[in-house]
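Participant: 3D, please:
(chains A, B and C)
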Amino acid sequence: MSSLNAAIAASATALNAERTRIEVAISNLANAESTRGPDGRPYRRRDVVLGSQPAETFDAALGRASATGVSVKGIVEDQSPARQRYEPSHPDADKEGYVALPNVDPAEEMVDMLSAARAYQANLTAITLIRDLVQKALDLGR
Amino acid sequence: MAIESIAGALPALSREHVATGGAAAADGFGTSLHRLVSAVETSGQEANGAVGRMLDGSGEVHDAMIALQRAEMTLQLTVQVRNKLVQAYQDIMRMPV
Amino acid sequence: MSELSDAALVTALRRQMTIAAARQVIAAGNLANVNTPGFRARQADFETALDASLRQPLAVTHPAHLRSEGAGSVAAKDADGLPARRDGNTVQIDRELLEMTSAGGEFQRAQTALAAKFRLVRYAINEGR
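Facilitator: Numbering: from 1, shown residues only, chains lettered A, B, ... in the order given. Okay, here's the model as predicted:
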């Protein structure tokens, strides 16, 4: 599919994907100090993995103009180690007085959230622009 | 191209209208009108095709709109020509012999 | 303008609209993938003459394959000269939005000209001889 409507569909997939990124960033921020989750361990930062959807269109393979969408391929746990903070008074402190904190960097989450918000806005604008174009085309039929 | 065939048909029509001889004029009209009617048929089919392609996503909206316009103009032209022919026929029939 | 026949003019304007639409489609796809790791921004390729029959890897049997309709008749390639970010992505939001605005303008201009042409012809048919 190479028409303008397919392009709107592609932009719509981006709205979903970027919204997911924002939600995950918010969740990371909200749990940045969560030292003990339901499994007894500190919260692990979550990351959204994006991929083109569909991965390779018929049109793209032939070198023709087409719009690829995007989808969330998965939400994975960041495997980097937990932050350690010396706080012996903390209820979850270990024998040496260190508390294992989530591997969340608030600054990084803010950057991710802004990037997702900006992308969301841009794709919304794209939908508006394409819709205007389709309207103009329909105007040809009076 | 439908428009080209119409543009071609128009001068042919006017020339034959001026020519004398009812029978010869009738033949000329018949052929040209026949061409116009085929043009209506063709442009109508092209419009259907273009709209179909727009709906299933393989074609663009503006192509469908252009095809629709062409079909409409071809039809309008044919109707106008037919009207003029009928008028001319009536004029001729009213002439005292 | 008088040198071009009606059909040639319509074809030329129609082609302009198709190209503008293709540019919009490509830009939309780029924007959708602005945060996809490794995604390379695409752009319209005007040097490549897209001959559908030459590019088909399969034997061409279906007549629909021969006619590249719509935006698909415009070739696309990876945009060159764009810096890649850490994740390998080369899409720049402002560049794509600018492209969409510019293409939109061209589409609009061609549409206006075509609509005027249609009005003229309709007038000629209905009011003229």
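Participant: sec struct for the closest residue to A:Y98 other than its chain neighbours, please.
Facilitator: Counting by CB to CB, 6 or more residues apart in numbering or on different chains, A:Y98 lies nearest to A:Q84, which is 4.8 Å off, once chain neighbours are set aside. Every residue, glycine included, has its C-beta placed from N, CA and C. For A:Q84, the assignment made with DSSP: H, G, I helix; E, B strand; the rest coil gives strand.
Participant: any weak-confidence spans in chain B?
Facilitator: Residue ranges of chain B with pLDDT under 70: B:1-27.
Participant: all helices for it, in order.
Facilitator: B:2-18, B:22-56, B:61-94 (DSSP state H).
Participant: re the thing from before, which residues does the residue nearest to A:Y98 contact?
Facilitator: Neighbouring residues of A:Q84 by CB atoms under 8 Å, 6 or more residues apart in numbering or on different chains: A:Y98, A:V99, A:A100, A:L101.
Participant: how about TSV for those, with secondary structure added?
Facilitator: Formatted as TSV, those follow (three-state DSSP):
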residue	secondary structure
A:Y98	strand
A:V99	strand
A:A100	strand
A:L101	strand
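Participant: Which of these ranks first by neighbour count?
Facilitator: The residue in the contacts of A:Q84 with the most neighbours, by other CB atoms under 10 Å in any protein chain shown, is A:V99 (21 neighbours).
Participant: the bottom helix or strand of chain A by mean pLDDT?
Facilitator: Lowest by mean pLDDT, DSSP states H and E among the helices and strands of chain A is helix A:58-61, with a mean of 72.
Participant: whoops, I mixed them up, chain C
Facilitator: Ranked by mean pLDDT, DSSP H and E, the helix or strand of chain C with the weakest confidence is helix C:63-66, at a mean of 37.
Participant: Wondering if the following helix or strand past it reaches chain B at all.
Facilitator: Note on helix C:63-66: by DSSP states H and E, the next helix or strand toward the C-terminus is strand C:76-78. No. If you take CB under 8 Å from any CB of the partner chain as the test, strand C:76-78 misses chain B, and the best it gets is 15.4 Å.
Participant: what's in contact with strand C:76-78?
Facilitator: Outside strand C:76-78, the residues that reach it (CB under 8 Å, 6+ apart) are A:60, A:63-66, C:22, C:26, C:40-45, C:48.
Participant: which among those residues gets closest to chain B?
Facilitator: If you rank the contacts of strand C:76-78 by distance to chain B using CB to the nearest CB, C:A22 comes first, at 9.0 Å.
Participant: got the buried residues for stretch B:38-58?
Facilitator: Within stretch B:38-58, the residues that count as buried by 16 or more other CB atoms under 10 Å in any protein chain shown are B:A39, B:V40, B:T42, B:S43, B:G44, B:E46, B:A47, B:A50, B:V51, B:R53, B:M54, B:S58.
Participant: Then stretch A:88-101?
Facilitator: Within stretch A:88-101, the residues scored as buried using 16+ other CB under 10 Å are A:A93, A:Y98, A:V99, A:A100, A:L101.
Participant: With pLDDT added, can I get those residues in CSV?
Facilitator: Converted to CSV, the buried residues of stretch A:88-101 look like this (pLDDT from 0 to 100):
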residue, pLDDT
A:A93, 88
A:Y98, 91
A:V99, 91
A:A100, 91
A:L101, 92
